[in-house]
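**Q** Any chance you could fold what I've pasted below:
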Amino acid sequence: MYSPEHKSTLTSRHNLALLFKAKGELNTAESICRSVLDIRQKADADPQAIAASLGALGAICCGQGKLDEAENLLQQAMAIHTELETEGSVAAAIVLNDFALLRRDQGQLTNAMQIAETAVGLRLQLLGSKHPEFAVSVNNLRSIYDEAGAAEKAEALKELLASNFKGR
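**A** Numbers count the residues shown, from 1 in each chain. The predicted model follows:
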């Protein structure tokens with residue numbers, strides 16, 4: 001059995017936090033994610049694991065309406081990716097996607113579109129057009145286009161999703 005501080009245990013707890021986030025139980029997700037981040041930071045864990053925890057916590061805070069805190073956490077996560085030169089990674093694409101949603105929630109639609117377009121391009125390049133995470137980014141970009149009044153762009157993305165995931 002692994003200790004509570006073992007990286008496999010922390011990864012499992014991180015994933016549990018993401019599950020609670022997906023279920024909409026943001027307070028529980030936040031509590032778990034903060035404890036994982038705290039342990040990882042105290043243990044001087046792998047920087048990419050710390051970035052993942054920072055990014056997840058940022059997304060949770062965004063969902064809770066804690067936009068300033070979310071921005072700070074997402075910036076810390078991206079700073080780690082920049083330092084590690086992993087800006088073009090799948091992990092960085094997750095942070096970019098969450099940053100786009102944050103900018104949308106802040107009312108910065110032009111910036112949200114730019115960031116979301118970058119996340120879509122990165123996920124397309126890394127994962128391909130049939131991957132579910134690509135679809136998540138495309139759907140987020142589509143919703144930002146809708147909110148910004150770019151109906152033609154939003155409709156084109158809706159059609160792209162329909163053609164890529166027909167029969168699923």
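
**Q** Surely Ala92 touches His81?
**A** Yes - with contacts defined as CB atoms under 8 Å, Ala92 counts as touching His81 at a distance of 4.4 Å. Where you see a C-beta, it was placed from the backbone N, CA and C, and this is true even at glycine.

**Q** Who has more neighbours out of those two?
**A** Neighbour tally, Ala92 and His81, criterion other CB atoms under 10 Å: the higher count belongs to Ala92, 24 against 21.

**Q** Tell me the backbone dihedrals of Lys130, please.
**A** phi -100, psi 0 (degrees, to the nearest 10).

**Q** can you tell me how far it sits from Ala93?
**A** 16 Å (CB to CB, to the nearest Å).

**Q** In terms of neighbours, single out the busier of the two.
**A** Using other CB under 10 Å as the criterion, Lys130 and Ala93 rank with Ala93 on top: 25 against 10.

**Q** hmm, who's touching the worst-scoring helix or strand of the chain on mean pLDDT?
**A** Ranked by mean pLDDT, DSSP states H and E, the weakest helix or strand in the chain is helix 151-164, scoring a mean of 90. The contact list for helix 151-164, computed with CB atoms under 8 Å, 6 or more residues apart in numbering, reads 129-130, 135, 138-139, 141-143, 145-146.

**Q** TSV please, covering these and showing secondary structure.
**A** Below are the contacts of helix 151-164 laid out as TSV (DSSP: H, G, I helix; E, B strand; the rest coil):
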residue	secondary structure
Ser129	coil
Lys130	coil
Ala135	helix
Val138	helix
Asn139	helix
Leu141	helix
Arg142	helix
Ser143	helix
Tyr145	helix
Asp146	helix
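
**Q** Among the residues you listed, list the two that are farthest apart in space.
**A** Pairwise distances across these peak at 23.4 Å for Lys130 and Asp146 (criterion: CB to CB).

**Q** What is the neighbour count of the nearest residue to Thr11 once chain neighbours are set aside?
**A** Among residues not flanking Thr11 along the chain, Ala49 sits closest, at 7.6 Å (CB to CB, 6 or more residues apart in numbering). Here the count is done by other CB under 10 Å, and Ala49 has 20 residues near it.
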